[in-house]
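Undergrad: Take a look and give me a structure for this.
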Amino acid sequence: MTSINLCLGPLLFYVIITLTNKIKSMQQVTNSQTLRQSIESLKLKRELVLLDMKENFEEVCESLRPSNIIRNSIEGIVDSGKTGNLGDAAIGVASGLLVKNILFKSSTNPLKKLAGTAIQALVTRIASRNSDKIKESGKNILQRIAAKLKRKNALPVSL
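TA: Numbers count the residues shown, from 1 in each chain. Model prediction:
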């Protein structure tokens with residue numbers, strides 16, 4: 001169906017432009033035959049415009065599916081060349097998912113879900129660009145936790 005749509009796109013555009021030019025150049029309708037022709041051409045133009053609108057609506061709906069938004073944002077991050085490797089992209093995606101789940105997990109509102117996806121894409125992009133800082137912060141946090149656990153285990157247990 002997509003190849004048909006691609007083929008019809010320029011054809012529809014040409015037909016719409018041609019009909020629009022004919023309508024603009026029309027003189028006042030004086031007889032019933034000309035009136036019928038004008039009505040038929042306007043009906044055809046209307047159907048062509050509606051068909052084009054339906055195709056565009058389907059494309060927009062497909063592009064706004066959450067899975068496509070996430071896939072496109074991941075592809076954008078990986079293809080942008082701003083990340084050093086796949087690990088940086090994974091850090092970005094994980095950060096984006098974490099923020100989205102924290103902020104919008106329990107929401108059933110479609111607008112909040114859409115906002116969550118947008119925020120996820122933003123956080124994913126920012127986190128993947130700053131993955132070195134995130135790795136360093138993660139190491140520091142893990143070292144602090146390990147030091148506290150060592151101190152806890154080093155103390156003698158008395159009853």
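
Undergrad: you'd agree residue 49 is up against residue 15?
TA: No: with contact defined as C-beta atoms under 8 Å, residue 49 does not count as touching residue 15 (10.1 Å). C-beta coordinates here come from the backbone N, C-alpha and C atoms, glycine included.

Undergrad: so what's residue 49 up against?
TA: residue 16 (C-beta atoms under 8 Å, 6 or more residues apart in numbering).

Undergrad: From residue 66, how far off is it?
TA: Using C-beta to C-beta, to the nearest Å, one obtains 30 Å as the distance from residue 49 to residue 66.

Undergrad: What ranges does the protein have for its helices?
TA: Taking DSSP state H, the helices of the chain run over residues 2-25, 32-63, 66-79, 86-104, 110-129, 131-154.

Undergrad: Determine the angle, from 0 to 180 degrees, between the longest one and helix 66-79.
TA: In other words, helix 32-63. With axes from the mean of the first three to the mean of the last three C-alpha atoms, to 10 degrees applied, the angle from helix 32-63 to helix 66-79 works out at 70 degrees.

Undergrad: So which bits of helix 32-63 are buried?
TA: Judged by neighbour count using 16 or more other C-beta atoms under 10 Å, the buried positions of helix 32-63 are 41, 45, 48, 52, 55.

Undergrad: Among those residues, which pair sits farthest apart?
TA: 41 and 55 (21.4 Å; C-beta to C-beta).

Undergrad: would JSON lines of the helices of the chain with mean pLDDT be doable?
TA: Shown next, in JSON lines, are the helices of the chain (pLDDT from 0 to 100):
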{"stretch": "helix 2-25", "mean pLDDT": "61"}
{"stretch": "helix 32-63", "mean pLDDT": "86"}
{"stretch": "helix 66-79", "mean pLDDT": "72"}
{"stretch": "helix 86-104", "mean pLDDT": "80"}
{"stretch": "helix 110-129", "mean pLDDT": "83"}
{"stretch": "helix 131-154", "mean pLDDT": "81"}
